[in-house]
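> Could you work out the structure for the sequence below:
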Amino acid sequence: MSSEPPPPPQPPTHQASVGLLDTPRSRERSPSPLRGNVVPSPLPTRRTRTFSATVRASQGPVYKGVCKCFCRSKGHGFITPADGGPDIFLHISDVEGEYVPVEGDEVTYKMCSIPPKNEKLQAVEVVITHL
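As a prediction, the model looks like this:
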């Protein structure tokens, strides 16, 4: 019987460790909504609105107003109705056409209530009539 202790394990050589770092990761990452500081909106956009809410909104009357403000980076803003009253929320997904409204643009829109309490209103089918 030998009383010598077993030799300690040797660290990997430089060539072996380089091979591990050069290998690409095989795991694909799913897109995160928090990547790029984009937080999912709790408001019902065109993509998340139910069919029945869309039908009710499209059957409603057409209103006129002026864009009070619109934040392009956040994708939402407010419309001041032409007949007075509180400002109406506007989401980018509800703007028809290729232009984004800016402050002072005249728009036409229909209204849809915002769940869950349906107390506030949101502008839908927004069309810029005068830039």
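> Return the set of buried residues in stretch 91-98.
91-95 (16 or more other CB atoms under 10 Å). To be clear about C-beta, it is placed using only N, CA and C from the backbone, and glycine gets the same treatment.
> again with stretch 55-72
Buried residues in stretch 55-72, defined by neighbour count with 16+ other CB under 10 Å: 57, 63, 65, 67-68, 70.
> Check stretch 109-122 too.
In stretch 109-122, counting by 16+ other CB under 10 Å, buried: 109-112, 114, 121-122.
> Which of those residues fall in strands?
109-112, 114, 121-122 (DSSP state E).
> who's in contact with Tyr63?
81-83, 108-111 (CB atoms under 8 Å, 6 or more residues apart in numbering).
> So which of the residues you listed is the closest to Phe51?
Among the contacts of Tyr63, Lys110 lies closest to Phe51 (CB to CB), at 15.6 Å.
> residues contacting that closest one?
Applying CB under 8 Å, 6+ apart, the residues near Lys110 are 57-58, 60-63, 123-125.
> My impression was that Val55 belongs to a strand - is that right?
No - using DSSP: H, G, I helix; E, B strand; the rest coil, the assignment for Val55 is helix, not a strand.
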